[in-house]
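**Student:** Here is a sequence with its predicted model. Questions after.
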Amino acid sequence: MKKLKLFKIHMGKAGCAVDIGDGSERGEYVNQDYMINKLGRPHRAVSIMYCYYPYDEGWPKRASEVHTRKIKDIWGFPYDDYFTYKGGINGNTNDEPFNQMRDIRRHGQDVILTLTIDPNATDDHLIAIAKDLRPFGQMFIRINHEATGNWFEFNKRCTYKEVADFYTRFHKIIKQYAPNVSTILCAGGVDESTGKIEKEEEFLEAFQETDIWSLDRYLALHWGWPFDIADDDTNKYGRSSEEEVYDYFEKSFKRFTEVNNGVKKPFTLSELNTDGDVAGTFGQAESIEKFYGFITDRKPEWLNSICMYQFRDRGRLGLEFQDPNNAEIGIEQPLFHSYKKIISNDYFRPVISTQSEISLPAVLRWGSSEDAEGLKAVIEIKERPEFCELHFDEDDDSNLMIEFNGKWFYKAPKTKFVDLMPVFSDKPKSCKGTYDLNIFAPPPTGENDLSISDGLYNFYSHINSVPYIRIRYSSVK
């Protein structure tokens, strides 16, 4: 075993960040060990979907568990059929979504909490939610998304102006009680017939106040799922060209900037996919390849990130299709392989820069998946190895995300061994060269230490020992 020479590195923003949805009304949460192993890398952020209707009968049970009457569409329950947010007033942060948030963050990703919420909720509820989110570092909250639609319960209870005013009220509370959390407004895009944003007057203040602008748009969508089948003689689906959708995003950002007095804000495509129910499974993959190809070719300065909806789905909006016989099993779709190739493009990968040589012990700062300090070692490979392993000291209790030649591995506290051989599974025998081994240390519990001065934004890990690497080019005789 050989001890590694280390350099200090920094992980920063990608040209365009990639996020992914994990769980919704259409699918269950999939743990991050599985997702990162399958996709070969973490995302910038993972979006999870919850709802908060604290005054409703049956709350906090999920709507479909309490209200069993027959419905005509998936939005026919008395409140949105997302998993229910168990925090808030008299809440329990040892329940969901907090365990999922911890899972996401200890795997080196940021959290996007998509939360539909009763606009009649009083400030004390909103303050309690904001306080719940303080330990989770630099994260995002998407409040009452698709806010100019008519399907969510919050739109059925209030006018668009009331929904917009609620967003602004909640945003200001977040800024006061949880400034580590960035707010995402997902409302209407530009209406080409008028050149204005849909419901522009009602949402003007919200557009100006929010931290981030966003839109949800599908290249194809079967909104009648699961109550009918998209076919030529049905009318509950739609489809647009990739060019048309790209132009819609670009024109919407331009108008967002105009109504914000020329000041630009980060813009994210917070739900994007092509529904395989409409385009077919192969057509879905081809459509997404084409759209992401526009991004890598054109490199639009207006686009900050894209969120793929979603990892596993009960319908055909996932990289995996949930096995109807066993909800814990996912069946890879053609889109899975296309998307895995897409996110290997350097334009969608965080930029890792080398700074200076460093010795141990060292302190590593984790700010976010777009701002983190790490360690690098350069590994010499003579040919394709039979064994390539990282070994950690017996007392090593670190929580690490490790990148080796572009593939990422997770090392949990107490884990003493990481097998790097998957890097070489598709390489020829003659793969001699130098390989970067990059190591970062996100918070092992998924939470920051709020007792330190900058604990809202940063987590610090003390790295005391160097991992050893074992490389053999032949089997043991």
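**Tutor:** Thanks, I have it.
**Student:** just the helices in the stretch 301-450 of the chain please.
**Tutor:** Remark: helices assigned in the stretch 301-450 of the chain by DSSP state H, counting those that start in this stretch are 334-342.
**Student:** what bits of the stretch 1-150 of the chain have low per-residue confidence?
**Tutor:** 1-4 (pLDDT under 70).
**Student:** That one: helices as residue ranges?
**Tutor:** Using DSSP H, counting those that start in this stretch, the helices of the stretch 1-150 of the chain run over 32-39, 63-66, 98-106, 123-132.
**Student:** Let me know which of these is tucked in deepest.
**Tutor:** Of all the helices of the stretch 1-150 of the chain, helix 98-106 has the most neighbours on average by mean count of other C-beta atoms under 10 Å, namely a mean of 23. Placement of C-beta: from N, CA and C, glycine included.
**Student:** Packing partners of that one?
**Tutor:** Helix 98-106 is packed against strand 45-52, strand 110-117, with contacts defined by 3 or more C-beta pairs under 8 Å, 6 or more residues apart in numbering; DSSP states H and E.
**Student:** change it to 10 Å
**Tutor:** helix 32-39, strand 45-52, strand 110-117, strand 139-143 (3 or more C-beta pairs under 10 Å, 6 or more residues apart in numbering; DSSP states H and E).
**Student:** right, and the ones you listed - which one's nearest M421?
**Tutor:** Among the helices and strands packed on helix 98-106, helix 32-39 comes nearest to M421, with 13.2 Å by C-beta to C-beta.
**Student:** Run the angle between the closest one and strand 45-52 for me.
**Tutor:** 140 degrees (axes from the mean of the first three to the mean of the last three C-alpha atoms, to 10 degrees).
**Student:** and for helix 32-39, what are the contacting residues?
**Tutor:** 18, 20, 22, 30-31, 41-43, 46, 100, 102-109, 311-312, 319-320, 328, 330, 332, 336, 339-340, 343-344, 401, 407-410, 412, 422 (C-beta atoms under 10 Å, 6 or more residues apart in numbering).
**Student:** let's see 8 Å
**Tutor:** Residues outside helix 32-39 that contact it (C-beta atoms under 8 Å, 6 or more residues apart in numbering): 20, 22, 42, 46, 103-104, 107, 109, 311, 336, 339-340, 343, 408, 410.
**Student:** same question, stretch 309-321
**Tutor:** Residues from elsewhere that reach stretch 309-321 (C-beta under 8 Å, 6+ apart): 20-24, 26-28, 30, 35, 47, 216, 218, 222, 225-226, 271-273, 275-277, 281, 284, 308, 322, 330-333, 335-336, 339.
**Student:** Quick check: PyMOL command selecting the buried ones in those.
**Tutor:** Of the contacts of stretch 309-321, the buried ones go into a single PyMOL selection, burial set by 16 or more other C-beta atoms under 10 Å:
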select buried, resi 20+21+22+23+24+26+27+30+35+47+216+218+222+225+271+272+273+275+276+277+284+308+322+330+333+335+336+339
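**Student:** Neighbours of the closest residue to N405 other than its chain neighbours, how many?
**Tutor:** Once flanking residues are discounted, N405 sits nearest to Y435: 4.5 Å by C-beta to C-beta, 6 or more residues apart in numbering. Applying other C-beta atoms under 10 Å, we find 17 other residues in the vicinity of Y435.
**Student:** mind listing what Y435 touches?
**Tutor:** Taking C-beta under 8 Å, 6+ apart, we find Y435 in contact with V378, I379, I381, F404, N405, V423.
**Student:** For it, which residues count as its bridge partners?
**Tutor:** Note on Y435: beta-bridge partners by DSSP bridges are I379.
**Student:** E332: what's its closest spatial neighbour, skipping adjacent residues?
**Tutor:** E320 (5.7 Å).
**Student:** how far away is that neighbour from I329?
**Tutor:** Using C-beta to C-beta, to the nearest Å, E320 is found at 9 Å from I329.
**Student:** Looking at the two, which is more packed in?
**Tutor:** Ranked by neighbour count (other C-beta under 10 Å), E320 and I329 place E320 first, with 21 against 12.
**Student:** how close does the more buried one sit to G12?
**Tutor:** As for E320, its distance to G12 is 30 Å (criterion: C-beta to C-beta).
**Student:** Give me the pLDDT for A441.
**Tutor:** Looking at A441, its pLDDT reads 98.
**Student:** burial count for it?
**Tutor:** A441: 25 surrounding residues under other C-beta under 10 Å.
**Student:** hang on, the earlier thing: just the closest of the contacts of Y435 to Y292, please.
**Tutor:** N405 (22.8 Å).
**Student:** can you tell me which residues contact the closest one?
**Tutor:** Taking C-beta under 8 Å, 6+ apart as the test, what N405 contacts is V423, Y435, D436.
**Student:** The first one: how many residues sit nearby?
**Tutor:** In terms of burial, V423 registers 21 neighbours under the definition other C-beta under 10 Å.
**Student:** What is the burial count for the residue nearest to C186 when sequence neighbours are not counted?
**Tutor:** Leaving aside its sequence neighbours, C186 sits nearest to H145 (C-beta to C-beta, 6+ apart; 3.8 Å). H145 has 22 neighbours, counted by other C-beta under 10 Å.
**Student:** Repeat that for V259.
**Tutor:** Residues lying near V259 (other C-beta under 10 Å) number 15.
**Student:** Could you list everything A362 pairs with in the sheet?
**Tutor:** Under the criterion used (DSSP bridges), A362 bridges to I463.
**Student:** related to what we said a few turns ago, can you tell me how far the residue nearest to E332 sits from K196?
**Tutor:** E320 is 39 Å from K196, by C-beta to C-beta.
**Student:** just Y79 next, same as before
**Tutor:** Distance, Y79 to K196, using C-beta to C-beta: 31 Å.
**Student:** Just want to know which of these two has more residues nearby.
**Tutor:** More crowded of Y79 and K196, by other C-beta under 10 Å: Y79, with 26 against 15.
**Student:** Not counting sequence-adjacent ones, nearest residue to the more buried one?
**Tutor:** Y53 (4.1 Å).
**Student:** what residues are up against the one you found?
**Tutor:** Residues near Y53 by C-beta under 8 Å, 6+ apart: W59, Y79, D80, I117, D118, E153.
**Student:** And the residue nearest to E28 when sequence neighbours are not counted, how close does it get to W225?
**Tutor:** Once flanking residues are discounted, E28 sits nearest to A327: 5.9 Å by C-beta to C-beta, 6+ apart. As defined by C-beta to C-beta, A327 lies at a distance of 17 Å from W225.
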